[in-house]
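> Below are the sequence and a predicted model for it; my questions follow.
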Amino acid sequence: MNGPRVIGEQLPAGPGFSWSPRRFLPHWLRREPLSLWLAAIVVAGAAALPVLYLAVRAAESGDSAIDSIFDGDTAAILWRSIQLIALVTLGSVLIAVPLAWLTVRTDLPFRRAWAVASVLPLAIPSYVGALAFISAFGPKGLLQGWLEGPFGLERLPDLYGLTGATAVLILLSYPYVFLTVRATLWRLEPEMEEASWSLGRSPWQTFRRVTLPLLYPAIGAGALLVALYTLSDFGAVALLQYDTFTRVIFNEYNSAFNRASAAALSLVLLGVAVSLILIEASARRRARYYAGANAARRNRRIVRLGRWRTPATIFSGVVTFLALGIPVFVLVYWLARGVNAGESQLFDWGAAYNSVQYSMAAAVATVIAAVPISILSVRRPGLLSAGLERFSYVGFAMPGIAVGLGLVFFGIRYATGIYQTVYLLVFAYVVLFLPVAVGSIRSSLLQVNPRMEEAAMSLGRSRINAFLTVTVPVIRPGLAAAAIMVFLLTMKELPATLILGPIESRTLATSIWTAAEEAFFARSAAPSLLLILASAAPMTFLVLRERSSN
Amino acid sequence: MTTEISNPVAWRRFLLALGLAAVLILAVACSSDDKSDGASPGSELVIYSGRSESLVDPLIKRFEEATGIDAKVNYAGTGALAATLLEEGDRSPADVFFAQDPGGLGSVIELVRPLPDDLTDRVPDWARSPDHLWVGVSGRARTVVYNTDKLSQEDLPETLDGFTDPAWKGRIGWAPTNGSFQAMVTGMRLIWGEERTRAWLEGIVANEPRIYAKNTPTVAAAGSGEIEVGFVNHYYLHRFLAEEGEGFAARNYFLPGGGPGSAVLVTGAGILKMADNVAEAERFLDYLLSPDAQGYFADETYEYPLIDGVPHAELLPGLSDLNTPDIDVSDLGDLAATQDLLREVGALP
């Protein structure tokens, strides 16, 4: 691994350097093109707009909001949120990491099908998921009787409260970790695992001592997303009757109509988010990365599961059954019941078309916006790049309604031309989902030795050419995972879509919401199923491509 | 910087990707242009509707057919739309705000204009703003939904007071963050006074009610037997009966003793000061208060019509048997005091 580094260090940063105006810049800015820094700063600045808005509004809130922040109940509710976050994050990692490893590195039967199925829970809006779990597992639930036989469950535990909220949120959000870990597993250099095997370690020891440490950055990135998602979720926790901080904010917006105090409370939420981001960052500093010198593809050894094949298959099956099977079953049941009752307004293809269109635009725009920040945070670790990267996370941690209102505030004043058009909406999606893309791209960039690009430049390639020909092929799984996550999240995004969407443009998510609000279950089931199907398409494409590239 | 293309394949891929992105963005742009053009000026109307699309969309279509006006509706939650209007201020494209509950209208009271008496006079006094700044469109009664497997009407008390009896411990469901619930408590404070209201809330809290996010899950829980009684708006039950059939094991119980437990609350609409299409907006409100639209609320959503001469659904009790408190439910000062009280007794976080 030392060879190529020497080459890189002996050469200037790249051709064209000598005449560049960049030479007048401070040293730390000079090493990457100025345009990259500028792009990253603009993107992070955009992500910071909603925070600015919250600060403006919170300043108007006066004493009552301050009082409510500092009273004892707020602390108690924050503590409840933190408990939920810890449990959901831990549970998601425990499910997602083995599942990712099984579907990438072993001879698990139907592993491509499991891979697709394991991502899809991400496409289920949390309130739909929670509603489905309640009708399945609640008293007189649909599946209670059915489960008694094969699974030996005589009485289902109460779904409400911390236990239920934890279980449901794990099932809905483990795919964040699954996707980031999978993307990293695909590009892990096989040498170290091979060395471990050749030294006589068992596959389990190899996984624990060699593979797992290599996965820490990806696990951290995914876990942070799970934690922030749990922090900002309202739909599932409200239905599952577990009081979290978002309920306080929700009450301020929707019952008290007090946006100033809602803003002040949202800033408290943001404070928790920043703590989580810093925890991940400090864990990241302790983790070690291995930038492989060799980006060439090699045949990877597939782990034979042997007698573990059946338990592993059962594990994958149970996760898929719980996280995808049950919601789909309940949705199909609602749909069938509605069709029987003569319900006719089921499929709104215009909404599906809008959803796919917005989500594709959001995926492309978010990945492009995330690249500069990701490159700088990996290649030029320092205060500025770290700050920019952390800033990109704030949109994801804030209640969607706050991001939406923030962009109303700025949009109607300074971007009237694109107000209530798809452009501002896609901009909102970028702000909301930027960290999802940054996390995924960042962890895959860690596996690329920058000397490779420098070597390419020393051989006469331009910087952008070197990036495209050397780095992009290696980080492609990370880019694809980022695009797919943003696509899935945009498909189901609700609050910002409602506030900022072009007038009269339905999406699947808004159709589901408007129907579920008024207990039109059949009408909400059809677009929900469509949402899951539409989300399955890009994931299937990704999995099939993985096969062709190996 | 050198521009030598040493790997044409990569470049071609890069350009292809850029091209695809450009095509996509153009496609999106074209489709959004379609939406911003359309009808000729003067026949347009922009409505911000906190009432759900699934309930009012058929009505909007009827209005468009009847008048030829192109109504563009922005659907979202009442709270989100109220906040949006406040952020937009003078620049808002909205003409009409159609709100799920009067609190939403109260929060934008600075932004709405007085309505012609011809409109406001069609509804009773209690169903409009005292200053004629908004007008009630339909009524919903507060009621007790109960599980029919476990209870019959005879088991239920005459008034809400009965539910503070410890015998109801663990059997009640409510939705204290819900706007209608809070409006009921506001009515309670005005009818019963602060002390009695506080005592009632404390009594219910002592009975450890299950806390639901809103009306719909409360009714669902009453149907599944998760709770035996829930305090809700009356019309959600009819949605469940339509969806799940007559076998749905819950029914409404209108408290015979009246009081705040059977208060009638209104949905309402107002016209914004910055409206560009005031004439169209007035025609929309005129339509909402016409026999056609009021009949739609009575027959399709099981709400109470508010104008004379339109009968409500037969299976509902008459408005005169319910409580129509003459209070300004859009007064946010009252709402804040209600929220403080709910927080003090531990019903709200």
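That came through fine.

> Mind pulling up the pLDDT for the residue lying closest to residue B:50 once chain neighbours are set aside?
Closest residue to residue B:50 apart from its sequence neighbours, by CB to CB, 6 or more residues apart in numbering or on different chains: residue B:78 at 3.0 Å. Quick note: C-beta positions are derived from backbone N, CA and C, even for glycine. Looking at residue B:78, its pLDDT is 92.

> how about residue B:78, what does it touch?
Residue B:78 makes contact with A:254, B:50, B:51, B:99, B:100, B:101, B:103, B:104, B:179 under the criterion CB atoms under 8 Å, 6 or more residues apart in numbering or on different chains.

> Need phi/psi at it.
phi -60, psi -40 (degrees, to the nearest 10).

> Residue A:440 and chain B: what is the separation?
18 Å (CB to the nearest CB, to the nearest Å).

> Could you give the bridge partners of residue B:70?
residue B:44 (DSSP bridges).

> For it, the count of nearby residues, please.
15 (other CB atoms under 10 Å in any protein chain shown).

> residues from the stretch 201-349 of chain B in reach of chain A?
Residues of the stretch 201-349 of chain B lying close to chain A (CB under 8 Å from any CB of the partner chain) are B:210-213, B:216-217, B:219-221, B:224-226, B:236, B:239-240, B:242-245, B:332, B:335-336, B:339, B:343, B:348-349.

> Checking the residue nearest to residue B:210 when sequence neighbours are not counted next. Helix, strand or coil?
In this structure, residue B:210 finds its nearest non-sequential neighbour in residue B:173, 4.5 Å apart by CB to CB, 6+ apart. What DSSP: H, G, I helix; E, B strand; the rest coil gives for residue B:173 is strand.

> how about residue B:173, what does it touch?
Residue B:173 neighbours (CB under 8 Å, 6+ apart): B:209, B:210, B:211, B:212, B:218, B:221, B:222, B:226, B:227, B:229, B:230, B:231.

> and the first one, backbone torsions?
With angles defined as degrees, to the nearest 10, residue B:209 shows backbone torsions of phi -70, psi 150.

> center of chain B - which residue?
residue B:100 (2.3 Å; CA atoms, centre = their mean).

> Narrow the residues of the stretch 201-349 of chain B next to chain A to just the buried residues.
Neighbour counting by 16 or more other CB atoms under 10 Å in any protein chain shown classes B:210-213, B:216-217, B:219-221, B:224-226, B:236, B:239-240, B:242-244, B:332, B:335, B:339, B:343, B:348-349 among these as buried.

> which residues does residue B:330 contact?
B:102, B:103, B:105, B:106, B:109, B:129, B:134, B:268.

> ok, back up a step: among the contacts of residue B:173, find the lowest-pLDDT one for me.
For the contacts of residue B:173, the least confident entry is residue B:226, with 88.

> picking up where we left off before, mind checking which of the residues of the stretch 201-349 of chain B next to chain A land in strands?
B:210, B:211 (DSSP state E).

> Out of the residues of the stretch 201-349 of chain B next to chain A, which sit inside helices?
Secondary structure from DSSP state H places B:216-217, B:219-221, B:224, B:236, B:239-240, B:242-244, B:332, B:335-336, B:339, B:343 of these in helices.

> Check whether the strand ranked longest in chain B comes into contact with chain A.
What stands out as the longest strand in chain B, according to DSSP E, is strand B:135-147. No. Counting by CB under 8 Å from any CB, no contacts exist between strand B:135-147 and chain A, the nearest distance being 10.4 Å.

> how far off helix B:215-224 does that strand point, in degrees?
Strand B:135-147 runs at 30 degrees relative to helix B:215-224, counting by axes from the mean of the first three to the mean of the last three CA atoms, to 10 degrees.

> orientation of strand B:135-147 relative to helix B:236-244 in degrees?
Going by the same axes, to 10 degrees, strand B:135-147 makes 70 degrees with helix B:236-244.

> From the contact counts, what lies against strand B:135-147?
helix B:179-192, helix B:215-224, strand B:229-233, strand B:250-253, strand B:264-272, helix B:291-300, strand B:304-305 (3 or more CB pairs under 8 Å, 6 or more residues apart in numbering or on different chains; DSSP states H and E).

> Comparing those by mean pLDDT, which bottoms out?
Mean pLDDT is lowest for helix B:179-192 among the helices and strands packed on strand B:135-147, at a mean of 88.

> Contacts only, for residue A:483.
A:363, A:364, A:366, A:367, A:437, A:538.

> Any chance of CSV for those residues, columns pLDDT?
Rendered in CSV, the data for the contacts of residue A:483 read as follows (pLDDT from 0 to 100):
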residue, pLDDT
A:363, 96
A:364, 94
A:366, 96
A:367, 95
A:437, 93
A:538, 85
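
> Could you measure from the closest residue to residue A:210 other than its chain neighbours over to chain B?
Closest residue in space to residue A:210, ignoring its immediate chain neighbours: residue A:196 at 4.7 Å, by CB to CB, 6+ apart. Computed as CB to the nearest CB, the residue A:196 to chain B distance reads 34 Å.

> thinking again about what came up before, so which of the contacts of residue A:483 are also by chain B?
residue A:364.

> returning to what we had before: for the contacts of residue B:78, please prepare CSV with the additional fields secondary structure and distance to residue B:292.
Shown next, in CSV, are those (DSSP: H, G, I helix; E, B strand; the rest coil; distance: CB to CB, whole Å):
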residue, secondary structure, distance to residue B:292
A:254, helix, 31
B:50, coil, 22
B:51, coil, 17
B:99, strand, 21
B:100, coil, 21
B:101, coil, 24
B:103, helix, 28
B:104, helix, 25
B:179, helix, 27
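
> quick one on the thing from earlier: nearest to residue A:496 among the contacts of residue B:330?
residue B:103 (23.1 Å; CB to CB).

> Enumerate every residue touching the closest one.
Neighbouring residues of residue B:103 by CB under 8 Å, 6+ apart: A:255, A:257, B:78, B:179, B:182, B:183, B:329, B:330, B:332, B:335.

> Counting neighbours, what do you get for residue 175?
If you meant another chain, say so; for now it's chain A. Residue A:175: 30 neighbours (other CB under 10 Å).

> oops, chain B please
Neighbours of residue B:175 using other CB under 10 Å come to 24.

> phi, psi of it?
Dihedral angles for residue B:175 - degrees, to the nearest 10 - are phi -130, psi 80.

> And for residue B:148?
Torsion angles, degrees, to the nearest 10, at residue B:148: phi -80, psi -20.
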